[in-house]
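my questions concern the predicted model and sequence given below.
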Amino acid sequence: MDFLKKYSWTTTAFLTLPGLLLGFPVSGILTFGLVGLGLKKIIPPAAALGGFLVLVLAGVESLKPSLMDYLPLGEVVSLEGEVTGDALANSFGGWIIPGLASRAVTREGLDSQAHFPLNLFNKEPLLPGVRWKAQGFLNAEKRSLQVKSWIILRNPPWWELKRKDLRTYLENRFDSLAPQVKGLSQALFLGSKVNLTTLEKDQFRKAGMSHLLALSGAHLSIWVSLLPWIFPFTPKIWKYALVPGIVLGLYLWIVGMMPSLVRAYISLLLGIGYQVQGKPAPGLENLGKCWLIMLILCPPWFRDISFQLSFLAMGGIHLISPRLRSLENFLPGVIAQGLEVSLGAFLAVLPLGLVLFGEIQALGILGSIPAGIITGAYLGVCGVRILPIPALDGITGSLLEILSWTLQEICQLCAFVPSLKPQSALILFMGIMVGLLVVLVYKYRCERTRKLRLSQGNKGIAGLPGF
């Protein structure tokens, strides 16, 4: 047992190797529960229960071909050739469950502009109960690193129907708003871009802030900070551990198991465990544990763009942002800290962003600071908006209109600056890295000079008569 305690995460990797080879996430889930509850006691039992259930859902929804034979997913239909979202929905009228994003959508939730060259895994004739899996690239022309997988099916099971009902209720709470406010609210709160116009999407893309429209760990961190205010009179263990673990687990289940959200939720559970025990949470170590757990649950996540960008951004925040602390000497605290985080994440995702998209918006670094603050306020108002209290509709509607206008103005301001092409971005990247190196050398020399003067001063004092 001492050996297992000392090398628990190495032991986890070896214990889950058979599961990875066979395509089963079950061994990964059980081993994570064993390590978390038994060996390291990383997660307190109460929070672990909610986390365990969410991870089971994530494992089931990864829909490995070897696991599909044992799941009652309903009748599955086939798919042929290259189709658009509208053609796919009109042909089958069923549900599409992405195998990587794991979010069930109806025909209204499909992006009619998306073109996917799809390849079927199964070539035999379609029979009742046979499950078909389709796969295609997000960007067919560039054949980007992101590969999306779908399970095409009809007659979805009851838990998918229940999730659809909850999601529909949340979407309907924004129906009384103006169209532009409704679309932005649903995008920021639920990750649904159906009611966003092409112009609005282009504004966020040109401003370099389209990541705000995709649910990610940033949204989950905002909810973590908002929940103690929403539940102010609960005991401390509930306010900071059980409520975030349960409420955000339910939120994750409703909006879908996107890799970036799963990463943030696992990190939250690990952080709660350390907080309850009164220990500091090792950020970079937590990130490595999240990486291991997620690849155990669903190895295909490795090729998902949200998985790649999420871990790159967090790695930049942990590795690069601390080196930028000297900015606090020249800028106000909030602005300096926001710039440190934005710049660290930007530098980390810059190479992959250029490979995937061919251009990148540098001014989004500055625009993300006020936009992040507005997004936090926006989500808080959306959280109040979903409460079934008619008296709140007018107040929250007006606040959302103000916040929506402010956020769009920030995007328009940042969109005036043209995007950087690979050559310009490389020059900017090298310039920032050289500047960072100069700052580090300057700090090192200042610290060295200070220590040298201090040591010389101590020697002079020690040499005085009477000492």
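Looks like it came in fine.

quick check: Ser176 is in a helix.
No. Under DSSP: H, G, I helix; E, B strand; the rest coil, Ser176 falls outside any helix and is assigned coil.

let me know the pLDDT of the residue lying closest to it once chain neighbours are set aside.
Of all residues not flanking Ser176 in the chain, Asp393 sits nearest, at 6.2 Å (Cβ to Cβ, 6 or more residues apart in numbering). C-beta coordinates here come from the backbone N, C-alpha and C atoms, glycine included. Asp393 is assigned a predicted lDDT (pLDDT) of 76.

and if you look at Phe233?
As summarised for this prediction, Phe233 has a pLDDT of 63.

with Leu312 instead?
At Leu312, the model reports a pLDDT of 84.

show me what counts as buried in the helix or strand encompassing it.
According to DSSP states H and E, Leu312 maps onto helix 305-319. Applying a neighbour-count criterion of 16 or more other Cβ atoms under 10 Å, one finds 305-318 buried in helix 305-319.

out of those residues, who's nearest Glu285?
Sorting these by how near they are to Glu285, with Cβ to Cβ, puts His318 at the top with 9.7 Å.

what helix or strand does the closest residue to the closest one other than its chain neighbours sit in?
Beyond its immediate neighbours in the sequence, the residue positioned closest to His318 (Cβ to Cβ, 6+ apart) is Leu284, lying 4.7 Å away. Taking DSSP H and E as the definition, Leu284 sits inside helix 283-297.

check Leu270 too.
Element membership of Leu270 [criterion: DSSP H and E] is helix 259-276.

which of the residues in that helix are buried?
Using 16+ other Cβ under 10 Å as the burial criterion, the residues of helix 259-276 that qualify are 259-273, 276.

quick check: the farthest pair among those?
Pro259 and Val276 (26.3 Å).

run through the stretch 201-350 of the chain and note the low-pLDDT ranges.
Low-confidence segments of the stretch 201-350 of the chain, defined by pLDDT under 70, are located at 230-242, 276-277, 296-301, 303-304, 326-334.

could you pull up the contacting residues of the residue nearest to His318?
Contacts were defined as Cβ atoms under 8 Å, 6 or more residues apart in numbering; by that measure Leu284 touches Gly315, His318, Leu319.

from Leu295, how far out is Leu352?
Here the distance between Leu352 and Leu295 works out to 18 Å (Cβ to Cβ, to the nearest Å).

hang on, the earlier thing: my read: the residue nearest to Ser176 touches Phe174, true?
No. Contact between Asp393 and Phe174 fails when scored by Cβ atoms under 8 Å: they sit 10.2 Å apart.

higher neighbour count, those two?
Neighbours were counted for Asp393 and for Phe174 using other Cβ atoms under 10 Å; Phe174 has more, 23 against 14.

any idea how far that one is from Gly367?
Phe174 sits at a distance of 25 Å from Gly367 (criterion: Cβ to Cβ).

okay, now Ile432: neighbour count?
The tally of other residues near Ile432 (other Cβ under 10 Å) stands at 18.

is it within a helix or a strand, and which one?
helix 422-462.

and the pLDDT for the nearest residue to Gly367 once chain neighbours are set aside?
Nearest in space to Gly367, with sequence neighbours left out and distances taken as Cβ to Cβ, 6+ apart, is Cys414 at 3.9 Å. Predicted confidence (pLDDT) at Cys414: the value is 73.

tell me which element Cys414 is part of?
With DSSP H and E as the criterion, Cys414 is inside helix 391-415.

which other helices and strands contact that helix?
For helix 391-415, the helices and strands in contact under the criterion 3 or more Cβ pairs under 8 Å, 6 or more residues apart in numbering; DSSP states H and E are helix 179-190, helix 198-206, helix 364-385.

contacts for it?
Applying Cβ under 8 Å, 6+ apart, the contact partners of helix 391-415 are 176-178, 180-181, 184-185, 200, 203-204, 206-209, 361, 363-364, 366-367, 370-371, 374-375, 377-378, 381-382, 384-385.

repeat that for stretch 215-234.
Contacts of stretch 215-234 with the rest of the structure, by Cβ under 8 Å, 6+ apart, involve 188, 190-191, 211-212, 238-240, 243-244, 247-248, 251-252, 255-256, 258, 260-261, 263-265, 267-268, 306, 310, 314, 372, 375-376, 379-380, 383.

give me the domain ranges for this structure.
Each domain of the chain is listed here as a residue range: 2-63, 73-156, 320-359+421-454, per automatic domain parsing.

any idea which of these scores lowest on pLDDT?
Mean pLDDT per stretch puts domain 73-156 lowest among the domains of the chain, at a mean of 37.

what about the residue nearest to Gly367, distance to Pro244?
Going from Cys414 to Pro244 by Cβ to Cβ gives 32 Å.

and the two? which has more neighbours close in?
In this comparison of Cys414 against Pro244, neighbours counted by other Cβ under 10 Å, the higher total goes to Pro244 at 27 against 23.

so which elements touch the helix or strand hosting that one?
With the criterion set as DSSP H and E, the secondary-structure element containing Pro244 is helix 243-255. Packed against helix 243-255, as judged by 3+ Cβ pairs under 8 Å, 6+ apart, are the following elements: helix 45-61, helix 158-172, helix 217-230, helix 259-276.

what angle sits between that helix and helix 364-385?
Calculated by axes from the mean of the first three to the mean of the last three Cα atoms, to 10 degrees, helix 243-255 forms an angle of 90 degrees with helix 364-385.

only the buried residues of helix 243-255, if you could.
Buried residues in helix 243-255, counting neighbours by 16+ other Cβ under 10 Å, are found at Val243, Pro244, Gly245, Ile246, Val247, Leu248, Gly249, Tyr251, Leu252, Trp253, Ile254, Val255.

any chance of TSV for these, columns distance to Ile402?
Supplementary listing: the buried residues of helix 243-255 in TSV, determined by distance: Cβ to Cβ, whole Å:
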residue	distance to Ile402
Val243	29
Pro244	28
Gly245	33
Ile246	32
Val247	26
Leu248	27
Gly249	32
Tyr251	25
Leu252	29
Trp253	31
Ile254	27
Val255	25
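
which of the residues you listed lies closest to Arg167?
Lowest distance from Arg167 to the buried residues of helix 243-255 (Cβ to Cβ) belongs to Ile254, with 5.4 Å.

who's in contact with the closest one?
Under the criterion of Cβ under 8 Å, 6+ apart, the contact partners of Ile254 comprise Arg163, Leu166, Arg167, Leu170, Leu190.

how close does the third one get to Thr197?
Yep, that's Arg167 we're talking about. Using Cβ to Cβ, one gets 22 Å for the distance from Arg167 to Thr197.

please apply the same query to the fourth one.
As defined by Cβ to Cβ, Leu170 lies at a distance of 21 Å from Thr197.

so for the two, which sits in the more crowded spot?
Neighbour totals were compared for Leu170 and Thr197, and Leu170 leads with 19 against 12 (other Cβ under 10 Å).

quick check: Gly208 is in a strand.
No. The assignment for Gly208 (three-state DSSP) gives coil, which keeps it out of a strand.

and it, how far is that from Arg385?
In this structure, Gly208 and Arg385 are separated by 28 Å, where distance is defined by Cβ to Cβ.

cool, and Leu437?
47 Å.

got it, and Leu284?
37 Å.

then Arg325?
Using Cβ to Cβ, Arg325 is found at 38 Å from Arg385.

for these two, indicate the residue with more neighbours.
With other Cβ under 10 Å as the criterion, Arg325 and Arg385 differ in neighbour count, and Arg385 comes out ahead with 22 against 13.
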